[in-house]
Structure formats: structure tokens, C-alpha cells
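**Student:** Just need the structure, nothing else, for what follows:
(one chain, ligands or ions: 1)
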Amino acid sequence: MSDKYDVIVIGAGPGGYVAAIKAAQLGLKTACVESWTAEDGKQVLGGTCLNVGCIPSKALLEVSHKFEETAHHYAEQGIMVKDVQMDVAKMMERKAGIVKQLTGGIAGLFKANGVTAIQGHGKLLANRKVEVTANDGKTTTYEAENVIIATGSKPIEIPPAPMTEGYITDSEGALEFTEVPKRLGIIGAGVIGLELGSVWARLGAEVTILEAQDSFLPAVDQQIAKDALKQFQKQGLNIVLGGRVTGAEVKRKLVNVTYEDAKGKQELKVDKLIVAVGRRPYTDNLLSEDSGVKMDERGFIFVDENCKTEAPGVWAVGDVVRGPMLAHKASEEGVMVAERIAGHKPQVNYDCIPNVIYTAPEVAWVGKTEEQLKAEGEAYKVGTFPFAANGRAMAANAASGMVKIIADEKTDRILGFHVVGPQASEIVAQGVIAMEFGSSAEDLALTCFAHPTLSESVHEAALAVNGGAIHIANRRKKK
Ligand SMILES: NC(=O)c1ccc[n+]([C@@H]2O[C@H](COP(=O)([O-])OP(=O)(O)OC[C@H]3O[C@@H](n4cnc5c(N)ncnc54)[C@H](O)[C@@H]3O)[C@@H](O)[C@H]2O)c1
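**Tutor:** So this is what the prediction gives:
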């Protein structure tokens, strides 16, 4: 049997479901194939982000932050509370409720926009045919003018630390702990390691993060990364840099982790271990040999700048293709592809994709770091402003970190925008908008910002780029 669509999307994460909705809005007959199934047999939409990634982790980060504030930082603000208790089961129940509401919301949006949801595992055959294997093993083949692959990514497993029920887990399992582990080990001080480490440390776990590289967050502007590291260490996160894990074994209800650092072989005993060493594109049983789609040497589906694969009419977006593994990047690509299929000519501006690490303080940035500009030999100027000099940040008891703006030495155009501090994930949007509109530092400096707000630090950092900050002493230019 064959059913024909204008567009079939494989995968219903933030890349796939957004692409499907957009395509349907543009008048294209659209279906979205998703294999994720709940215990009750119902299809689950939303992918990693909504089910076991961005959203549930933020639910836990918010609650653990509130708990930590209440237990340790209310007294210094004059709020006296006694016996603050954490109910982990309640926190998890709330998280599950948020996930359910959001994933159910996508089903509603599919209905409202006329997207057909097809349950099962999708496999791309030659000539844009998609074979779907349902849970009961029944296969159906559908045909489409265009196929969009949006199958996402999976956590990477490493041989020295094999997944072990109840002891060694990946990022998904770490969102399901039923109690706070006394000692928690994490392999990898990347985004996931830092976010999950923060959750469980705030709830009382002794957290050690083992990071193989010698530098901390090497992709982040190093002035910002150093500031963040200092604050994380002050909070009690034990971050071991240059510590490569060589083994992990469960013995007498503990995980014995062995690692090597500059001093030689080391050992760490923990109650639970999280492996957070990156993610790999998810393409298992996705492509038939004659599908015409090619992968690059790292297993990512090969696409051009418009997300076109080597097979005519087949596109791929999100974590399964090159570029940062970020939900919002996937969604942008999904919209671009749907519009291209409908005959428009949009592009994704890859220079203006924000990055956020949802720790406290948050770390967020868009554009180039000082290290990148130095390596490229670009002449630039820098303006920074600390939240310690921002009245609103002080009032909020969150006066740490800074805003840093980097601009082209000659044209003053903003090249990079970096924040470590309160609400950095929200503040960075100002940098994204400024860069998207090709603003100069002077454009921001000439803009009126409300007082008192955290965003005034953006204004002051922009003023500082050209030596005009009002509320800090400006750095004199070296002659
Ligand atoms: N807030 C967000 O935007 C967000 C949140 C979660 C995940 N993500 C994305 O998901 C992806 C995966 O995140 P991640 O944190 O797992 O990966 P990552 O690549 O950010 O960090 C993994 C870290 O593990 C280290 N590592 C690897 N092998 C090791 C070993 N044997 N011993 C010690 N350290 C080792 C690496 O050096 C690296 O620093 C990333 O692309 C990330 O951007 C983003």
C-alpha cells in the first residue's frame, strides 16, 4: 500500500515537529513519523528536548535552585525559615506533569494544523519512500515529494564506564533519581555535566566532575569561563580538569572510578556515576543502502548550508547534521527547510545562534570569543561590565558575573556577546537581536535601557567598548 504526502518528517523533536507544523501551515500535505512510545502504548511527541532533555532538566534546575536559595541564602536576606525539606518524589512528579502537558500540546498543534502523526520507526528507502514499522511489527510504506530527517542524537557511551542499572547512568537516567545520592561522580564537564551536577549538588550531593581536557569550557570565551569556574567551585562543585576516566566498576554498592591526571592514577568512590561525554547523531536503522543519503566521517548526515542531503528531495535538520546540538538551531533549520520546500529562499544565520548553560550563574553567549578572534587575526575591542556594580543584581542577591561585548576595532560592529550571571539566558537575546541587525556597540550605547534592570549591564558594557562606561572606571587605552 502506498500513501503520498508532500512532506514526511522522520522524528518529532524540536527540529521535526516544528518543520512539520511549518510545512502544514504553508499548505503542504504533511506527516510526521515518531517511534517514541509511552508505557500505555501511546505515541510520545517532542523528542529528547521535551521528554528527557531541555525541559525536564530545567524543571529540576528551577526547583533545586529554589531549594538552595531557601535553605542557604534566605537568612542573609532577612527571611528566616526552619527545617527546609526536599521531597524528591514531588519534584519528579511535577517535572513529569510539565513534560506531559508540553508533549500533549504538540499533539494538539498537529491536529490544529492538519499534520498526520504516524506511529512507528521510519526508514528512508530510495526515491523518497519511507517504510514505517509499527510497534506490532506491521510495516507500511509511504511516499513523499520531500522527506525531512530529524532523528536527533543519543548519549555517547564509553567502554570504561558501561551503563549499570542503579549505579552508572547517562543524562536521561540522571533525571530520574529517586533520592539525592550522597556522593555523585560525573564524567564530562560539558553542558550536561555542569547542569546535572548543579541540580544534585544544590540538593545536597557531594559532586565530583571529572573532565579529560585541561581547560574548562574551551568553546566559551575564557574570561567568562574562568569567572564561571570560580563561582562553581565556590558552590562546592569539585571540578577535576585533566582527569581522564579509565574505568568504573561497581563493588559493594559503590562505583569505583579510576582516572588519570597529571599526578598519575587516581581513584574516586561514589554512590552514582553519570556519563555525560557528549552525544552522537542517531541514525540506527534509518537509511536503506540505496537511499542516496550520505554521512560524513563522524556519522552526521551530510548536508549543504540549506540542509539538503545528497539525495534529491531529502533534507536533514538538527542534531543529526553538522553544527551545535541545540534545540533552537534544530527548529530554525526545520522552518528553513519547510519554507524552501514551499518555494521560498530563507537561510539560517549560523553566526547568530545563542548558546546557554543553565547553571547558576547561567552562562550564555552568541558570536565570537576573544580566543577565536585572536586566532583569526581580527582586530577587536572589548567592553565589560560586572553585575557587582548593577543595583538590580544586588537587590536580587545575584551580583556575580559580567556582560562582555566584543566589537570590531574599526567598524565597531558587534562580533561577540558573552554573559555569565543572573538571567544570562534572557539577556543574551539582546546580543542576538543586536548582531542579527548588524548593530555596532555604539548603537547599543545610544539605546535607552530601563533603570533599574539587569540589562543596564549590557548598556554599560556597550559604553565600555569605546571607553564611555558611566558606572565603572574605564580601562585606559594603551598608547
Ligand atoms: N543547555 C543546552 O544548550 C544543552 C543542554 C544539554 C545538552 N546540550 C547539548 O548536548 C550535547 C551533549 O552534551 P554533553 O555535555 O554530554 O557534551 P559536551 O561535548 O558538551 O561535553 C562532554 C565533555 O566530556 C569530556 N570527556 C569526554 N570523554 C571523557 C573521559 N573519558 N573522561 C573525562 N571527560 C571526558 C569532554 O572533554 C567534554 O568536555 C552538547 O552538544 C550540548 O551542547 C545542550
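**Student:** The residue in the chain that the ligand sits nearest to: how many residues sit nearby?
**Tutor:** Distances from the chain to the ligand, computed as CB to the nearest ligand atom, single out residue 190 as the nearest residue at 1.9 Å. (C-beta placed from N, C-alpha, C; glycine too.) Counted with other CB atoms under 10 Å, residues neighbouring residue 190 total 19.
**Student:** Run a quick check on residue 295 versus residue 280, I expect a contact.
**Tutor:** No: taking contact to mean CB atoms under 8 Å, the distance of 11.5 Å between residue 295 and residue 280 leaves them out of contact.
**Student:** quick one: buried residues of stretch 149-169?
**Tutor:** Residues 149-155, 161, 167-169 are the ones in stretch 149-169 that count as buried (16 or more other CB atoms under 10 Å).
**Student:** any idea which of these is closest to residue 76?
**Tutor:** Nearest to residue 76 among these is residue 169, at 35.2 Å by CB to CB.
**Student:** how near is that closest one to residue 157?
**Tutor:** Residue 169 sits 11 Å away from residue 157, taking CB to CB, to the nearest Å as the criterion.
**Student:** At which residues are the strands of the stretch 351-479 of the chain located?
**Tutor:** In chain order, the stretch 351-479 of the chain shows strands spanning 355-357, 362-367, 380-386, 402-408, 414-421, with DSSP state E, counting those that start in this stretch as the criterion.
**Student:** tell me the most buried of these?
**Tutor:** With neighbours defined by mean count of other CB atoms under 10 Å, none of these is more surrounded on average than strand 414-421, at a mean of 28.
**Student:** by contact count, what packs against that one?
**Tutor:** helix 222-234, strand 362-367, helix 370-376, strand 402-408, helix 424-436 (3 or more CB pairs under 8 Å, 6 or more residues apart in numbering; DSSP states H and E).
**Student:** quick one: it near the ligand?
**Tutor:** No: using CB under 6 Å from any ligand atom, we find that strand 414-421 stays clear of the ligand, coming within 13.9 Å at best.
**Student:** Using PDB, write out every CA atom in that strand.
**Tutor:** The C-alpha atoms that make up strand 414-421 are tabulated as PDB, following Å, rounded to 0.1, in the frame of the first residue of the first chain:
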ATOM      1  CA  ILE A 414      29.400  43.600  17.500                       C
ATOM      2  CA  LEU A 415      31.300  40.400  16.900                       C
ATOM      3  CA  GLY A 416      30.600  38.600  20.200                       C
ATOM      4  CA  PHE A 417      28.300  39.000  23.200                       C
ATOM      5  CA  HIS A 418      29.000  37.000  26.400                       C
ATOM      6  CA  VAL A 419      27.300  36.800  29.800                       C
ATOM      7  CA  VAL A 420      27.900  35.000  33.000                       C
ATOM      8  CA  GLY A 421      25.400  36.000  35.600                       C
END
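**Student:** Now that strand: average pLDDT?
**Tutor:** What strand 414-421 shows for mean pLDDT is 98.
**Student:** how far is it from where the chain is centred?
**Tutor:** 17 Å (CA atoms, centre = their mean, to the nearest Å).
**Student:** who touches the residue nearest the centre of the chain in this structure?
**Tutor:** Here the mean C-alpha position of the chain is nearest to the C-alpha of residue 326 (CA atoms, centre = their mean), at a distance of 4.9 Å. Taking CB atoms under 8 Å, 6 or more residues apart in numbering as the criterion, residue 326 is in contact with 353, 355.
**Student:** Kindly recompute the last result at 6 Å.
**Tutor:** Under the criterion of CB atoms under 6 Å, 6 or more residues apart in numbering, residue 326 has no neighbours.
**Student:** Surely residue 52 and residue 173 touch.
**Tutor:** No: taking CB atoms under 6 Å as the contact criterion, residue 52 and residue 173 are not neighbours in contact, 9.2 Å apart.
**Student:** Tell me which of the two has more neighbours.
**Tutor:** In this comparison of residue 52 against residue 173, neighbours counted by other CB under 10 Å, the higher total goes to residue 52 at 21 against 18.
**Student:** So what does the more buried one have for phi and psi?
**Tutor:** When quoted as degrees, to the nearest 10, the phi and psi of residue 52 stand at phi -140, psi 30.
**Student:** How about it: what's its closest non-neighbour residue?
**Tutor:** Take residue 52 and drop its neighbours on the chain: the residue closest to it by CB to CB, 6 or more residues apart in numbering is residue 172, 4.4 Å away.
**Student:** gap between the one you found and residue 355?
**Tutor:** Separation of residue 172 from residue 355 (CB to CB) stands at 22 Å.
**Student:** List the buried residues in the helix or strand hosting residue 97.
**Tutor:** Here residue 97 sits within helix 88-113, counting by DSSP states H and E. Judged by neighbour count using 16+ other CB under 10 Å, the buried positions of helix 88-113 are 91-92, 95, 99, 102-103, 106-107, 109-110.
**Student:** Identify the residues contacting residue 431.
**Tutor:** Applying CB under 6 Å, 6+ apart, we find residue 431 in contact with 366, 417.
**Student:** Swap in 10 Å and give it another go.
**Tutor:** Residues in contact with residue 431, defined by CB atoms under 10 Å, 6 or more residues apart in numbering, are 352, 354, 364-367, 403-405, 414, 416-419, 439, 444, 458, 461-462.
**Student:** pLDDT value on residue 351, please?
**Tutor:** pLDDT, read off for residue 351, is 97.
**Student:** right, and it touches residue 372 too?
**Tutor:** No: in terms of CB atoms under 10 Å, residue 351 does not count as a neighbour of residue 372; the distance is 11.5 Å.
**Student:** Find residues that contact each of these two.
**Tutor:** Listed contacts common to residue 351 and residue 372 are residue 415; contacts here mean CB under 10 Å, 6+ apart.
**Student:** Now do the nearest residue to the residue of the chain closest to the ligand once chain neighbours are set aside: how many residues are near it, please.
**Tutor:** Nearest-residue entry for residue 190: residue 276, 6.2 Å, with adjacent residues in sequence omitted and distances by CB to CB, 6+ apart. By other CB under 10 Å, the residues close to residue 276 number 24.
**Student:** Look up phi and psi at residue 276.
**Tutor:** Torsion angles at residue 276 (phi, psi; degrees, to the nearest 10) stand at phi -130, psi 70.
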